[in-house]
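Trainee: This is the structure alone, sequence omitted:
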């Protein structure tokens, strides 16, 4: 082996040449074994005993080498973990002497271990690793980080599959038909931020970054680029989660230089506690107001963090709660400072793509009519819902039914304003969650005119379908099915994601639907060759489930064997 010859050890080339030119090959082999064997005088007399046990010298030397290798790896690890001031110098000296052994597979782990523990590796060694694919693949992540620093394309090749897996996991959660995972409390928004950050994909990405600020900046740039290219909001989620994972790991080298850290930390605490109090709102507002001139680009990253579906879900739900409290207290929305901040952050988050695309890092102006016209109209709907509940408890002659029509301000703002559109969607989810059929039927068809077709976003439809499962008995009504399917979901059935959400709804509700309605829906939802494998798989699985349910024999009701059955009733007397 050429690598051994670089270390001053005769290799295969030397042995081949010597055997070719020597006069006595057996004598040469004996001399070679003596010169290059284990130089331990007490060992030599014992070797014949191994021969008697039919143990080849190769096996013996390999076992000794494995033991020595493990000892050396242990010593290298101890040296790297020690407090010696010159430990890096010692490691480098050992590496310089042993690096040629990287070509010898049994000795390669020692060289790789030395490389792993060196904070700064000479470029000549990194170049050799880059040029040899096998060596590069076997290198530890700590070594690769130093390669990736100056090789963005190589780092992108490594990160791309990780990001793809992350997006696939998010989409799988949105379309999951697992009964427990799809329940109201355990759905897409069920896991806490801490639980979500334990995901293996996120942990792997954090490990790839380590404490390297340059690699962290590259990942953020990848996320911005992919968000712009795809409009996929899950990249915004990852922007926030990767920062908070590094926060959990106490990687101060990175979190201390990310200007979004404290804001994200505070927002994460609010999402975890599912509450934003006056103190937290002031902290968040202080961060937004504290962006100095020349640092406006930070707004782009803050907007991405606020565009995270988990953040939008929290802010919109909190805003609806604020409006409900305002109705109960008979106050005006303009007087609620927490609500004002939530609207400000929602406006910033929902406009993240436009801001990054235009590179105009300036907070969008909030229309004052949002507080003076739209929110009072939305509060009027909430009051109508409360009146409807009270009417149930009152005699019919004293009940005062609210109007079925929606306020014009509500409709017009929902069509043109992204914050109003988002709040309208979450008002609808509140109605479904509260099993308020009248409120749902009243507002649902109007959602078709939401700004930028927000009513057909995956995160909303996931929650909508999950909450509808609690209204299962309503699906026996053809009138209710007409509102849910004909007047809303089936309007955009040509969009593949909407089709998958409808299939998911049928997975849970097929046994409640009228037979004619179910057959009509399955016929309309049948996928064509243009649809993806995911749609075909979902449809086939649902069809199999429906067939299995319909083929189950109806159990005849057993006659009641009760002594009270023979007691004459008033009708028999």
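Mentor: Sure, I can see it. This is a predicted model, so every value here is computed, not measured. Numbering: from 1, shown residues only.

Trainee: Which pLDDT does the model give residue 180?
Mentor: Reported pLDDT at residue 180 in the predicted model: 65.

Trainee: Same question for residue 249.
Mentor: According to the predicted model, the pLDDT of residue 249 comes to 96.

Trainee: Please give me every residue in contact with it.
Mentor: With C-beta atoms under 8 Å, 6 or more residues apart in numbering as the criterion, the residues that contact residue 249 are residue 206. Where you see a C-beta, it was placed from the backbone N, CA and C, and this is true even at glycine.

Trainee: Report the separation between it and residue 334.
Mentor: For residue 249, the distance to residue 334 under the criterion C-beta to C-beta, to the nearest Å works out to 43 Å.

Trainee: Run through the strands of the stretch 51-200 of the chain in chain order.
Mentor: Secondary structure of the stretch 51-200 of the chain (DSSP state E, counting those that start in this stretch): no strands located.

Trainee: Spatially nearest residue to residue 258 (excluding sequence neighbours)?
Mentor: Leaving aside its chain neighbours, residue 258 sits nearest to residue 243 (6.0 Å; criterion: C-beta to C-beta, 6 or more residues apart in numbering).

Trainee: Could you tell me which ranges of the stretch 101-250 of the chain sit under the pLDDT cut-off?
Mentor: Counting by pLDDT under 70, the low-confidence segments of the stretch 101-250 of the chain come to 180-186.

Trainee: show me where it has helices.
Mentor: Under the criterion DSSP state H, counting those that start in this stretch, helices of the stretch 101-250 of the chain are mapped to 108-117, 123-131, 133-138, 141-148, 152-174, 193-196, 200-209, 213-230, 234-248.

Trainee: which of those is buried the deepest?
Mentor: With neighbours defined as mean count of other C-beta atoms under 10 Å, the helices of the stretch 101-250 of the chain peak in mean count at helix 234-248, which reaches a mean of 23.

Trainee: what does it rub up against?
Mentor: Contacts with helix 234-248, where a contact means C-beta under 8 Å, 6+ apart, come from 163, 166-167, 170-171, 193-194, 196-197, 202-203, 205-206, 209, 216, 219-220, 223, 226-227, 254-255, 258, 260-261, 264-265, 267-268, 301, 304-305, 307-311, 352.

Trainee: what's the offset of it from the middle of its chain?
Mentor: 9 Å (C-alpha atoms, centre = their mean, to the nearest Å).

Trainee: ditto for stretch 240-256
Mentor: Taking C-alpha atoms, centre = their mean, the mean C-alpha location of stretch 240-256 is offset from the chain mean by 16 Å.

Trainee: shouldn't residue 269 be in contact with residue 277?
Mentor: No: here residue 269 does not reach residue 277: they are 10.6 Å apart, not a contact under C-beta atoms under 8 Å.

Trainee: More neighbours: which of the two?
Mentor: Between residue 269 and residue 277, counted using other C-beta atoms under 10 Å, residue 269 has the larger neighbour count: 14 against 10.

Trainee: Once you drop chain neighbours, what's closest to that one?
Mentor: When the adjacent residues along the chain are set aside, residue 269 lies closest to residue 280, with 7.1 Å between them (C-beta to C-beta, 6+ apart).

Trainee: and the gap between the residue nearest to residue 258 and residue 516?
Mentor: 52 Å.

Trainee: Next: residue 48.
Mentor: Distance from residue 48 to residue 516, by C-beta to C-beta: 92 Å.

Trainee: Also residue 466?
Mentor: Separation of residue 466 from residue 516 (C-beta to C-beta) stands at 26 Å.

Trainee: that older thread, what residues are up against the residue nearest to residue 269?
Mentor: Taking C-beta under 8 Å, 6+ apart as the criterion, residue 280 is in contact with 266, 269, 270.

Trainee: Would you tell me what helix or strand the second one is located in?
Mentor: Translated: residue 269. Assigned by DSSP states H and E, residue 269 belongs to helix 261-273.

Trainee: which residues touch that helix?
Mentor: Counting by C-beta under 8 Å, 6+ apart, the neighbours of helix 261-273 from elsewhere in the structure are 192-194, 240, 243-244, 247, 255, 276, 280, 283-284, 287-288, 302, 305-306, 310-311, 314.

Trainee: cool, and stretch 149-162?
Mentor: Outside stretch 149-162, the residues touching it (C-beta under 8 Å, 6+ apart) are 130, 144, 147-148, 201, 204-205, 208, 212, 214-215, 218-219, 222.

Trainee: Low-confidence stretches in the stretch 451-573 of the chain?
Mentor: Looking at the stretch 451-573 of the chain by pLDDT under 70, you get 553-573.

Trainee: just the helices in it please.
Mentor: If DSSP H, counting those that start in this stretch is used as the criterion, the helices of the stretch 451-573 of the chain fall at 458-468, 478-481, 496-509, 515-525, 533-550.

Trainee: Could you do the stretch 301-450 of the chain as well?
Mentor: When assigned using DSSP H, counting those that start in this stretch, the helices of the stretch 301-450 of the chain occupy the ranges 309-329, 337-350, 352-358, 369, 375-393, 408-416, 418-433, 437-443.
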